[in-house]
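Enquirer: No sequence on hand, only this structure:
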């Protein structure tokens, strides 16, 4: 089984501390003065020629250089749009898979499929989709999406059917509840490109059933490894029954330091900075799973907190349980990409490789 | 107001000249190139893709004096939002003119994409809003709306994009779009709204253009017909208390002498195959009024390229050489500049020029033709 490590790209801000320390690094708010005192010159000037895109670019390069297999470009309505960010980063990354997260209210499935083909053509097949659910009904209406809850999964289903249809078949016709195509399908230069892989999410039985039919990877919310085992088994059984294979993924934050004590100290500093309760038991045995740790900032439902060795061992346990796609994050994303890439991933890879050799 | 010149990005592939048919340059059609020969080494996968060639053209255009370029979007072409975002970081002044139909995107998503592209490029995005040629082609795109409905949708789409642009909260109950308390987040909401170039020749199109467009964009048509069209657009727009500028998309063949320019056209015409000629003389489907206006200018039989010369320096066979519009300007550098100045006198404020191959011709036109164009004279500039 191939294991992939994906780093999350924070599209609306990043920082060293919990909110309100979250900022768009590299970018100064309109009209804001230099952060340096008047007696110190600031070469960036009154209107710096940088903005947050330059920082996102640095994170992506860091992930590429430090051995991640991809980046997940987060869909965050408060931030920059994931497809534009993916394009902006594509030319200066070499190996990274670029996973753009969006939801099926984005627009035409045909147009989305066409955009994906261009990305595949221009990046040597490094593009991927993560199609999300778009938040609650009020959040969706703020995005111009009037669909009721019951339509969310069926619409993703149709979206994928149409996108795959026009990418792989010509002529392709389809008439569903949400999308209609007549004599469509890509030809000539746009035909015969390897399709972008598709990541889906969700914890409900319906979401798992959809992934069994349509996903390449199903990314579960963070949970202790024991809680994930039955869901992974259910997903993979359903997929097998359809003659398909779906990889299991997990979206986890990681807070790894040289020692458990340092990790715990930084975890508590982060939590108190956010005005959040400090509820982790200080048990130094294994990496601790801290539910909801930085969820407000990163979206992950929990974090692994521990020494490099402990976090690596915990990730290895997820791999043993059948997880092959790790979507990871830690703040600040730039510095932590190097830290995790240098200290944690090599340990996990070495351990998994040793097990494969032994088997 | 000085005249703006844009170039075109050849998303539809790039032959080496107006005479050549095979668009092999830059791996547009992977595997269909002239680099590989059985049994010989080299010419294999080199890691480059068509975006590398498009990047060359964008840089040539910005170096040689163009504002930026139109990135045409058709079923066979790559997708212009992707192209723009990919080229954002390696161009400096090049402005990305993105054609799109409102049916492609949810308007709130489109607003966020646009604001992000403005942030990624330092404000170099602009729209070419197209409402669609109609007929079966629209359903190829997955769009089932009828002709006049599509213009209603375009108006609503732009209402919503503008409504959310400065942050909202904005609510809207349209026939096609409904949003509730929508708005872009800071700092996305601090970006300049993109200029809008609007295409479409029907009354429904003009109605929609007059409300939202900065520029009314048309293909080249007979000059008198254009004068009348520009006047009609300006009249409609004035009724709403707005001003609109006019722009012309035109192919050109410019050479040191007129003879050389026509020689290029003659060779191109003589290389056209019989099937293409038959198609050219017939009619095609769709409910586009602009396309019908172009068809009306064609002769019914053809013996020579000269049969398609419809006015001094105007040749109406450009779509024999490649897809797209019929009429274009052929002549010496000086003549091409003079025809462009005549269009300025008729009311044109901006041009999107194109010539094949787009890389070398960007330099040629930028160096030889643009410096000869007078543009708006001092009197016109004062009046503007």
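Expert: Happy to help now that I have it. All of these numbers come straight from a predicted model, not from anything done at the bench.

Enquirer: just the helices in the chain please.
Expert: You didn't say which chain, so I picked chain A. For chain A, the helices defined by DSSP state H occupy A:52-65, A:82-90, A:109-123, A:137-142, A:152-168, A:205-214, A:225-241, A:260-273, A:295-298, A:308-320, A:333-339, A:345-358.

Enquirer: Please refer instead to chain B.
Expert: Using DSSP H, helices in chain B cover B:50-63, B:80-87, B:107-121, B:136-140, B:147-165, B:203-212, B:223-239, B:258-270, B:274-281, B:289-295, B:318-321, B:333-346, B:358-364, B:378-383.

Enquirer: Check chain A and tell me which residue is nearest its centre.
Expert: By CA atoms, centre = their mean, the mean C-alpha position of chain A lies nearest to residue A:72, the distance being 3.3 Å.

Enquirer: Okay, now the unreliable bits of the stretch 201-350 of chain B?
Expert: B:283-300 (pLDDT under 70).

Enquirer: Could you do chain A as well?
Expert: A:1, A:19-21, A:280-285.

Enquirer: burial count for the residue lying closest to residue B:76 once chain neighbours are set aside?
Expert: Nearest non-adjacent residue to residue B:76, counting by CB to CB, 6 or more residues apart in numbering or on different chains: residue A:188, 5.2 Å away. (Each C-beta comes from the backbone N, C-alpha and C, glycine too.) Neighbourhood size, residue A:188 [other CB atoms under 10 Å in any protein chain shown]: 15.

Enquirer: what do you get for residue B:49?
Expert: As a burial measure, residue B:49 scores 20 neighbours (other CB under 10 Å).

Enquirer: Skip the chain neighbours and tell me the closest residue to it.
Expert: The spatial neighbour of residue B:49 that comes closest, neighbours along the chain excluded (CB to CB, 6+ apart), is residue A:122 at 5.2 Å.

Enquirer: Kindly reformat the helices of chain B as JSON lines containing distance to residue A:276 and mean neighbour count.
Expert: Output for the helices of chain B, formatted as JSON lines (distance: least, CB to CB, whole Å; neighbours: other CB atoms under 10 Å in any protein chain shown):
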{"stretch": "helix B:50-63", "distance to residue A:276": "44", "mean neighbour count": "21"}
{"stretch": "helix B:80-87", "distance to residue A:276": "36", "mean neighbour count": "26"}
{"stretch": "helix B:107-121", "distance to residue A:276": "29", "mean neighbour count": "26"}
{"stretch": "helix B:136-140", "distance to residue A:276": "52", "mean neighbour count": "18"}
{"stretch": "helix B:147-165", "distance to residue A:276": "32", "mean neighbour count": "22"}
{"stretch": "helix B:203-212", "distance to residue A:276": "46", "mean neighbour count": "21"}
{"stretch": "helix B:223-239", "distance to residue A:276": "56", "mean neighbour count": "16"}
{"stretch": "helix B:258-270", "distance to residue A:276": "70", "mean neighbour count": "17"}
{"stretch": "helix B:274-281", "distance to residue A:276": "68", "mean neighbour count": "12"}
{"stretch": "helix B:289-295", "distance to residue A:276": "60", "mean neighbour count": "17"}
{"stretch": "helix B:318-321", "distance to residue A:276": "65", "mean neighbour count": "23"}
{"stretch": "helix B:333-346", "distance to residue A:276": "64", "mean neighbour count": "20"}
{"stretch": "helix B:358-364", "distance to residue A:276": "56", "mean neighbour count": "20"}
{"stretch": "helix B:378-383", "distance to residue A:276": "62", "mean neighbour count": "10"}
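
Enquirer: looking at these, which is closest to residue A:104?
Expert: Closest to residue A:104 of the helices of chain B is helix B:107-121 (CB to CB; 11.0 Å).

Enquirer: From the chain's centroid, how far away is the longest strand along chain B?
Expert: The longest strand of chain B (DSSP state E) is strand B:245-255. Chain-centre distance of strand B:245-255: 10 Å, with CA atoms, centre = their mean, to the nearest Å.
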